[in-house]
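[1] predicted structure and sequence below. I'll ask about it afterward.
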Protein chains: 2
Amino acid sequence: MADLDFYFFPGSTHTYLTVNRIDRLATEAGVSVRWRPYNLRAILLETKVVPFSPGTAKRRYMWRDIERRATSLGIPYTREPRYPVDPSLISLRVAMVAAREGWCAEFTKAYYRAWFLEDRPAGLDDNMPALLSGLGRDPEEVLATANEESFNAVLDASADEARRIGLFGSPHFVVQGEVFWGDDRLEDALAWAARAVTD
Amino acid sequence: MADLDFYFFPGSTHTYLTVNRIDRLATEAGVSVRWRPYNLRAILLETKVVPFSPGTAKRRYMWRDIERRATSLGIPYTREPRYPVDPSLISLRVAMVAAREGWCAEFTKAYYRAWFLEDRPAGLDDNMPALLSGLGRDPEEVLATANEESFNAVLDASADEARRIGLFGSPHFVVQGEVFWGDDRLEDALAWAARAVTD
């Protein structure tokens, strides 16, 4: 039995599916999960990858695939949400603050619900303060930490770690260095963790 | 119950997994499959997509994912095969000739076995004639048809069809206009076909 690191970027669409099911599946498998937001944008920029260009067949497919998967997994999905949604990386920054302080899972679930189901993506239209207040957090305090100049080093460190491990998307699951990519590999990653030999 | 169109490009790596299991799963599901090689390269070139750039984390992940999936699906896998393997599109052309003449599944299975397990990719080192002979085909005759100037129209028509349907990778499964992408969607696509209402 090993722990599972759940690396993700809050601008990722398929990650919505994972956020809605990883806790339940991990509990069933008896696996501990660490929520690890990371700066995927830095990786995409340096590799010149645009995951889903507007107007492409791949972009249209992405939404249809999420809708179909949500339906079959019993996850709420009503309509195609706005995208992209985190131009300033503020959602990533807040998720990383939350990860340091132990409320990342709670934040990320509320964040995706607001984005996908309530049309209030926290990275747009100054929606973040209300989201944080709703979680009982002080928006001013959290945003001050998230926007501190010194916090850039935390984002940079997450990108360095991603390069070292070999991450290039979201969601990723990592178990003892074994990398899995995509919500549809969650079961495989949990099985890998469950049968891992640890000291 | 509806039929399933299996669109693929013989340069695709993950398609190896599908080729090794689609017939068995389709038979179990009672679904008829049409093997439809298509000119994915034209689509990738016009959208400027390079699926797995050399030296990238995504490329390394692709091989590891195939190895893991082959193991769990009981499909032979010994080592990372050569890639890319169809610079002149001769494998695509022959697959399309085979599709017109009714021996595409047989050809494609032998083609992937030669590429992945025997280090004899048919698109390199003039390996194609021996592959065709092994299938009881006349290499000269098949290659003459495949390389005819007029055959370019068949390749172009397949790309037009792909644009119309919204294909951008390999393997794709299409059921009554519903598009699935990736070997890991094969079960979903077959289930979709099995429960489809037809006139």
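    Okay, I see it. Everything numeric here is computed off the predicted structure, so don't read it as measured data.

[2] where does chain A dip in pLDDT?
    For chain A, the stretches flagged by pLDDT under 70 are A:199.

[3] near chain B, which residues of chain A?
    Counting by Cβ under 8 Å from any Cβ of the partner chain, chain A comes close to chain B at A:47, A:53, A:56-58, A:60-61, A:64-65, A:68, A:72, A:163, A:166-169, A:179, A:181, A:184-185, A:188. (Each C-beta comes from the backbone N, C-alpha and C, glycine too.)

[4] now those: which count as buried?
    Listed as buried from the residues of chain A next to chain B are A:57-58, A:61, A:64-65, A:68, A:166-169, A:179, A:181, A:184-185, A:188; burial here means 16 or more other Cβ atoms under 10 Å in any protein chain shown.

[5] element containing the residue lying closest to A:Arg100 once chain neighbours are set aside?
    Once flanking residues are discounted, A:Arg100 sits nearest to A:Val154: 7.9 Å by Cβ to Cβ, 6 or more residues apart in numbering or on different chains. Using DSSP states H and E, A:Val154 maps to helix A:152-165.

[6] ok now the helix ranked longest in chain A, how far from the chain's centre?
    When chain A is parsed with DSSP state H, its longest helix is helix A:57-73. Distance, stretch centre to chain centre, for helix A:57-73: 17 Å (Cα atoms, centre = their mean, to the nearest Å).

[7] swap in stretch A:75-86?
    That offset, for stretch A:75-86, works out to 14 Å (Cα atoms, centre = their mean).

[8] need the contact partners of that stretch.
    Here stretch A:75-86 makes contact (Cβ atoms under 8 Å, 6 or more residues apart in numbering or on different chains) with A:10-11, A:13, A:16-17, A:20-21, A:52, A:63, A:66-67, A:69-71, A:91-92, A:115-117, A:119, A:121-124.

[9] what segments of chain A are helices?
    Counting by DSSP H, the helices of chain A are A:15-19, A:22-29, A:40-46, A:57-73, A:90-101, A:104-117, A:128-134, A:139-147, A:152-165, A:186-194.

[10] out of those, which one sits most buried?
    Mean neighbours per residue, mean count of other Cβ atoms under 10 Å in any protein chain shown, is largest over those for helix A:15-19, with a mean of 24.

[11] helices or strands up against it?
    strand A:4-8, helix A:57-73, helix A:104-117 (3 or more Cβ pairs under 8 Å, 6 or more residues apart in numbering or on different chains; DSSP states H and E).

[12] go again with 10 Å.
    For helix A:15-19, the helices and strands in contact under the criterion 3 or more Cβ pairs under 10 Å, 6 or more residues apart in numbering or on different chains; DSSP states H and E are strand A:4-8, helix A:57-73, helix A:104-117, strand A:172-175.

[13] which among the helices of chain A is found nearest to B:Thr145?
    Ranking the helices of chain A by proximity to B:Thr145 (Cβ to Cβ) places helix A:57-73 first, at 30.3 Å.

[14] ok and the closest one relative to helix B:152-165, angle-wise?
    If you take axes from the mean of the first three to the mean of the last three Cα atoms, to 10 degrees, helix A:57-73 sits at 50 degrees to helix B:152-165.

[15] what helices and strands are in contact with helix A:57-73?
    Using 3+ Cβ pairs under 10 Å, 6+ apart, helix A:57-73 is in contact with helix A:15-19, helix B:152-165, strand B:178-181, helix B:186-194.

[16] nearest residue to A:Met96 other than its sequence neighbours?
    Of all residues not flanking A:Met96 in the chain, A:Pro37 sits nearest, at 5.2 Å (Cβ to Cβ, 6+ apart).

[17] check contacts around the one you found.
    A:6-10, A:15, A:91-99, A:104, A:107-108, A:154-155, A:158, A:170 (Cβ atoms under 10 Å, 6 or more residues apart in numbering or on different chains).

[18] same thing with A:Leu143?
    Applying Cβ under 10 Å, 6+ apart, the residues contacting A:Leu143 are A:Ile90, A:Arg93, A:Val94, A:Val97, A:Met128, A:Pro129, A:Leu132, A:Arg137.

[19] out of the residues you listed, which is nearest to chain B?
    Taking Cβ to the nearest Cβ as the measure, chain B lies nearest A:Arg93 of these, at 23.8 Å.

[20] list the contacts of the closest one.
    When contacts are counted by Cβ under 10 Å, 6+ apart, A:Arg93 touches A:10, A:37, A:39, A:86, A:123, A:128, A:142-143, A:145-148, A:151-152, A:154-155.

[21] any idea how far A:Asp5 is from it?
    From A:Arg93 across to A:Asp5, the span is 20 Å (Cβ to Cβ, to the nearest Å).

[22] before we move on, the earlier item: which one among the contacts of A:Arg93 gets closest to chain B?
    Chain B lies nearest to A:Asn39 out of the contacts of A:Arg93, by Cβ to the nearest Cβ, at 14.5 Å.

[23] didn't that closest one look like it was pressed against A:Leu89?
    Yes. Between A:Asn39 and A:Leu89 a contact is recorded at 7.5 Å, counting by Cβ atoms under 10 Å.
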